[in-house]
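1. A structural model of the following input is requested.
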Amino acid sequence: MKKLMLAVCLLFFGTLVNAQKNYAVMLTDATTGNAITGASITIRSTGKIIPISESGNALVTALPADTLDIKAKGYGDREIVLAFQSSAISVEMRTKPVPVKKTVAVKPKRKS
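-> Next comes the predicted model:
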């Protein structure tokens, strides 16, 4: 009887530790509120890459202890720690500052 109880407890504990959860992630532009397309989400622990749909949404199945790395062209990268997140996650992406190239004007030499 004790062995049976131990087996049931271990099975239950193992299920709790490895219980993945579904997260609905929506990416929007922080300035305009428009959905961001062409982005990707990487689950850090597994390296699995999930593309964002044309409507800016993705369904991610991950452990609550995981971290999501979000990348979108023209936007700064974001890192979302799933611990204590609800199953619906809205992420506002901020545009990446464009580096300004320094130009130097050179005065042409006069011909003599």
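2. and the closest residue to Ala24 other than its chain neighbours, how many neighbours does it have?
-> Nearest non-adjacent residue to Ala24, counting by C-beta to C-beta, 6 or more residues apart in numbering: Ala88, 4.9 Å away. C-beta here means a position set from N, CA and C on the backbone, and glycine is covered the same way. Ala88 sits with 9 neighbouring residues when counted by other C-beta atoms under 10 Å.
3. so what pairs up with Val91 in the strands?
-> Taking DSSP bridges as the rule, Val91 bridges to Leu27.
4. ok, now which ones touch it?
-> Val25, Met26, Leu27, Thr28, Ile70, Arg78, Ile80 (C-beta atoms under 8 Å, 6 or more residues apart in numbering).
5. filter those down to the buried ones, ChimeraX style.
-> Written as a ChimeraX command, the selection of buried residues from the contacts of Val91, which uses 16 or more other C-beta atoms under 10 Å, is:
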select :25,26,27,70,78,80
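6. widest-spaced pair of the contacts of Val91?
-> Spatial extent of these (C-beta to C-beta) is set by the pair Thr28 and Ile80 at 13.8 Å.
7. now the residue most central in space within the chain: which helix or strand?
-> Nearest residue to the geometric centre of the chain (C-alpha atoms, centre = their mean): Ile70, 2.9 Å. Per DSSP states H and E, Ile70 falls inside strand 67-71.
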